[in-house]
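J.: model this:
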Amino acid sequence: MGMIDQIVVISGITFLVMIVPGPDMVIVMRSTLIGGRAAGLKSSLGVLTGNLVHIAYCAAGIGWLISESILAFSILKYAGAAYLIYLGLAGIFSKTQSLRVDEAARAPSGRTWFLQGFLNNILNVKGSLFYLGVFTMVITPQTSTGTTLLLIAIMMTISAAFWLVFVCTLDNIAVRRFLVRGQRAVNCVFGGVLIFLGVRVALAAR
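T.: Numbering: from 1, shown residues only. The predicted model follows:
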(Lines give C-alpha, C1' and ligand atoms only; values in the text may rest on other atoms or scores of the structure.)
Protein backbone atom coordinates (compact mmCIF):
# COMPACT_ATOMS: atom_id res chain seq x y z
CA MET A 1 0.00 0.00 0.00
CA GLY A 2 1.47 3.35 -1.10
CA MET A 3 1.60 6.44 1.10
CA ILE A 4 -1.31 8.15 -0.70
CA ASP A 5 -3.45 5.04 -0.25
CA GLN A 6 -2.48 4.90 3.43
CA ILE A 7 -3.47 8.55 3.91
CA VAL A 8 -6.85 8.00 2.23
CA VAL A 9 -7.58 4.86 4.26
CA ILE A 10 -6.43 6.39 7.57
CA SER A 11 -8.48 9.55 6.96
CA GLY A 12 -11.59 7.60 6.02
CA ILE A 13 -11.62 5.13 8.90
CA THR A 14 -10.73 7.81 11.46
CA PHE A 15 -13.62 10.00 10.31
CA LEU A 16 -16.05 7.08 10.33
CA VAL A 17 -14.99 6.01 13.82
CA MET A 18 -15.40 9.58 15.10
CA ILE A 19 -18.97 10.03 13.86
CA VAL A 20 -20.20 6.69 15.22
CA PRO A 21 -21.73 7.33 18.69
CA GLY A 22 -19.88 5.69 21.54
CA PRO A 23 -18.71 6.19 25.15
CA ASP A 24 -16.28 9.00 24.25
CA MET A 25 -18.99 10.98 22.49
CA VAL A 26 -21.39 10.58 25.41
CA ILE A 27 -18.75 11.69 27.94
CA VAL A 28 -17.76 14.78 25.93
CA MET A 29 -21.41 15.66 25.31
CA ARG A 30 -22.24 15.31 29.00
CA SER A 31 -19.24 17.41 30.06
CA THR A 32 -20.10 20.16 27.58
CA LEU A 33 -23.74 20.37 28.62
CA ILE A 34 -22.91 20.43 32.32
CA GLY A 35 -19.74 22.52 32.37
CA GLY A 36 -19.79 24.42 29.08
CA ARG A 37 -17.22 24.67 26.31
CA ALA A 38 -14.19 24.63 28.63
CA ALA A 39 -15.32 21.36 30.22
CA GLY A 40 -16.11 19.79 26.85
CA LEU A 41 -12.74 20.73 25.43
CA LYS A 42 -10.94 19.39 28.50
CA SER A 43 -12.79 16.09 28.21
CA SER A 44 -11.93 16.02 24.51
CA LEU A 45 -8.28 16.61 25.36
CA GLY A 46 -8.47 13.70 27.79
CA VAL A 47 -9.89 11.49 25.03
CA LEU A 48 -7.14 12.57 22.61
CA THR A 49 -4.48 11.87 25.24
CA GLY A 50 -5.97 8.41 25.71
CA ASN A 51 -5.73 7.90 21.95
CA LEU A 52 -2.03 8.73 22.07
CA VAL A 53 -1.53 6.12 24.79
CA HIS A 54 -3.34 3.51 22.67
CA ILE A 55 -1.19 4.45 19.69
CA ALA A 56 2.02 4.26 21.73
CA TYR A 57 1.48 0.78 23.11
CA CYS A 58 0.05 -0.59 19.86
CA ALA A 59 3.13 0.70 18.04
CA ALA A 60 5.25 -1.04 20.69
CA GLY A 61 3.39 -4.31 20.18
CA ILE A 62 1.61 -4.43 23.54
CA GLY A 63 -1.74 -3.99 21.82
CA TRP A 64 -1.20 -7.35 20.16
CA LEU A 65 -0.61 -8.97 23.54
CA ILE A 66 -3.86 -7.48 24.89
CA SER A 67 -5.81 -8.79 21.92
CA GLU A 68 -4.31 -12.27 22.36
CA SER A 69 -4.50 -12.52 26.17
CA ILE A 70 -7.94 -13.42 27.52
CA LEU A 71 -6.98 -12.24 31.02
CA ALA A 72 -5.62 -8.85 29.89
CA PHE A 73 -8.58 -8.29 27.60
CA SER A 74 -11.06 -9.22 30.35
CA ILE A 75 -9.44 -6.94 32.94
CA LEU A 76 -9.49 -3.96 30.58
CA LYS A 77 -13.03 -4.75 29.40
CA TYR A 78 -14.59 -5.06 32.86
CA ALA A 79 -12.71 -2.05 34.24
CA GLY A 80 -14.04 0.06 31.37
CA ALA A 81 -17.57 -1.31 31.79
CA ALA A 82 -17.55 -0.61 35.54
CA TYR A 83 -16.37 2.96 34.98
CA LEU A 84 -19.12 3.67 32.42
CA ILE A 85 -21.80 2.21 34.69
CA TYR A 86 -20.48 4.25 37.63
CA LEU A 87 -20.66 7.48 35.60
CA GLY A 88 -24.16 6.58 34.42
CA LEU A 89 -25.46 5.94 37.93
CA ALA A 90 -23.80 9.12 39.19
CA GLY A 91 -25.62 11.09 36.49
CA ILE A 92 -29.02 9.56 37.20
CA PHE A 93 -28.91 9.91 40.98
CA SER A 94 -27.06 13.21 41.21
CA LYS A 95 -28.84 16.45 41.99
CA THR A 96 -29.96 18.41 38.97
CA GLN A 97 -27.01 20.35 37.59
CA SER A 98 -27.53 23.69 35.94
CA LEU A 99 -27.13 23.97 32.19
CA ARG A 100 -27.46 27.73 32.25
CA VAL A 101 -24.85 29.66 30.37
CA ASP A 102 -23.04 31.43 33.17
CA GLU A 103 -19.58 31.40 34.64
CA ALA A 104 -20.57 29.51 37.79
CA ALA A 105 -21.99 26.59 35.84
CA ARG A 106 -19.01 26.53 33.53
CA ALA A 107 -16.28 26.51 36.17
CA PRO A 108 -14.47 23.18 35.80
CA SER A 109 -13.63 21.25 38.96
CA GLY A 110 -9.87 20.91 38.73
CA ARG A 111 -8.82 18.08 36.42
CA THR A 112 -12.16 16.27 36.62
CA TRP A 113 -13.23 16.88 33.03
CA PHE A 114 -9.85 15.86 31.58
CA LEU A 115 -9.62 12.73 33.74
CA GLN A 116 -13.13 11.62 32.83
CA GLY A 117 -12.32 11.83 29.14
CA PHE A 118 -8.92 10.18 29.58
CA LEU A 119 -10.08 7.30 31.79
CA ASN A 120 -13.14 6.66 29.66
CA ASN A 121 -10.96 6.38 26.56
CA ILE A 122 -8.06 4.46 28.05
CA LEU A 123 -10.38 1.86 29.60
CA ASN A 124 -12.21 1.36 26.30
CA VAL A 125 -10.88 -1.93 24.95
CA LYS A 126 -12.29 -1.08 21.53
CA GLY A 127 -9.77 1.73 21.32
CA SER A 128 -6.84 -0.63 21.65
CA LEU A 129 -8.34 -3.04 19.13
CA PHE A 130 -9.04 -0.22 16.67
CA TYR A 131 -5.47 1.03 16.76
CA LEU A 132 -4.18 -2.52 16.72
CA GLY A 133 -6.09 -2.98 13.47
CA VAL A 134 -4.60 0.24 12.11
CA PHE A 135 -1.08 -0.88 12.97
CA THR A 136 -1.74 -4.28 11.43
CA MET A 137 -3.47 -3.40 8.17
CA VAL A 138 -2.40 0.16 7.34
CA ILE A 139 0.74 1.03 9.28
CA THR A 140 2.96 -2.02 8.98
CA PRO A 141 6.56 -2.71 10.08
CA GLN A 142 7.55 -1.85 6.51
CA THR A 143 6.11 1.68 6.84
CA SER A 144 8.86 4.27 7.26
CA THR A 145 9.12 6.26 10.48
CA GLY A 146 8.32 9.51 8.66
CA THR A 147 5.20 8.08 7.06
CA THR A 148 4.09 6.53 10.35
CA LEU A 149 4.39 9.88 12.15
CA LEU A 150 2.50 11.58 9.31
CA LEU A 151 -0.35 9.07 9.49
CA ILE A 152 -0.56 9.40 13.28
CA ALA A 153 -0.63 13.19 12.92
CA ILE A 154 -3.48 12.89 10.39
CA MET A 155 -5.50 10.67 12.75
CA MET A 156 -5.01 13.05 15.66
CA THR A 157 -5.79 16.14 13.56
CA ILE A 158 -9.05 14.68 12.28
CA SER A 159 -10.03 13.62 15.81
CA ALA A 160 -9.18 17.02 17.32
CA ALA A 161 -11.08 18.87 14.57
CA PHE A 162 -14.14 16.69 15.13
CA TRP A 163 -14.17 17.31 18.89
CA LEU A 164 -13.73 21.04 18.42
CA VAL A 165 -16.71 21.27 16.05
CA PHE A 166 -18.76 18.89 18.22
CA VAL A 167 -18.17 20.83 21.45
CA CYS A 168 -18.72 24.25 19.89
CA THR A 169 -21.99 23.05 18.34
CA LEU A 170 -23.24 21.71 21.68
CA ASP A 171 -22.21 24.93 23.42
CA ASN A 172 -24.30 27.01 21.03
CA ILE A 173 -26.76 29.21 22.95
CA ALA A 174 -29.78 27.96 21.02
CA VAL A 175 -28.83 24.32 21.59
CA ARG A 176 -28.29 24.86 25.31
CA ARG A 177 -31.58 26.75 25.72
CA PHE A 178 -33.40 23.87 24.07
CA LEU A 179 -31.74 21.29 26.33
CA VAL A 180 -32.15 23.26 29.56
CA ARG A 181 -35.94 22.81 29.31
CA GLY A 182 -35.52 19.09 29.84
CA GLN A 183 -32.55 19.30 32.18
CA ARG A 184 -33.48 16.39 34.42
CA ALA A 185 -34.39 14.25 31.42
CA VAL A 186 -31.00 15.04 29.85
CA ASN A 187 -29.18 13.79 32.96
CA CYS A 188 -31.26 10.60 33.01
CA VAL A 189 -30.82 9.97 29.29
CA PHE A 190 -27.04 10.37 29.43
CA GLY A 191 -26.89 8.25 32.57
CA GLY A 192 -28.97 5.54 30.94
CA VAL A 193 -26.86 5.59 27.77
CA LEU A 194 -23.64 5.27 29.79
CA ILE A 195 -25.05 2.32 31.74
CA PHE A 196 -26.20 0.68 28.50
CA LEU A 197 -22.76 1.15 26.97
CA GLY A 198 -21.13 -0.20 30.10
CA VAL A 199 -23.27 -3.35 30.04
CA ARG A 200 -22.64 -3.73 26.31
CA VAL A 201 -18.88 -3.48 26.87
CA ALA A 202 -19.03 -6.05 29.69
CA LEU A 203 -20.93 -8.51 27.50
CA ALA A 204 -18.88 -7.91 24.37
CA ALA A 205 -16.92 -10.83 23.00
CA ARG A 206 -13.38 -10.40 21.74
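
J.: Give me the mean pLDDT for stretch 21-39.
T.: The average pLDDT for stretch 21-39 rounds to 87.

J.: Can you tell me which helices and strands the lengthiest helix in the chain packs against?
T.: Of all the elements of type helix in the chain, the one with the most residues (DSSP state H) is helix 23-59. Packing partners of helix 23-59 (3 or more C-beta pairs under 8 Å, 6 or more residues apart in numbering; DSSP states H and E): helix 62-68, helix 70-93, helix 103-106, helix 112-122, helix 125-137, helix 145-170, helix 183-203. In this view, the C-beta of every residue, glycine as well, is placed from N, C-alpha and C.

J.: For residue 177, grab the count of nearby residues.
T.: Using other C-beta atoms under 10 Å, residue 177 has 12 neighbouring residues.

J.: you'd agree residue 72 is up against residue 65?
T.: Yes - the criterion here is C-beta atoms under 8 Å, and residue 72 meets it with residue 65 at 6.6 Å.

J.: By mean pLDDT, flag the weakest helix or strand of the chain.
T.: helix 103-106 (a mean of 44; mean pLDDT, DSSP states H and E).

J.: pLDDT weak spots in this structure?
T.: 1, 63-64, 66-67, 91, 94-110, 179-184, 186-187, 201, 204-206 (pLDDT under 70).

J.: Tell me the spacing between the residue nearest the centre of the chain and residue 53.
T.: Nearest to the centroid of the C-alpha atoms of the chain, with distances taken as C-alpha atoms, centre = their mean, sits residue 24, at 2.7 Å. Going from residue 24 to residue 53 by C-beta to C-beta, to the nearest Å gives 14 Å.

J.: Can you give me every residue that contacts residue 168?
T.: residue 37 (C-beta atoms under 8 Å, 6 or more residues apart in numbering).

J.: any idea how far residue 28 is from it?
T.: 12 Å.

J.: just how off-centre is the longest helix of the chain within its chain?
T.: 5 Å (C-alpha atoms, centre = their mean, to the nearest Å).
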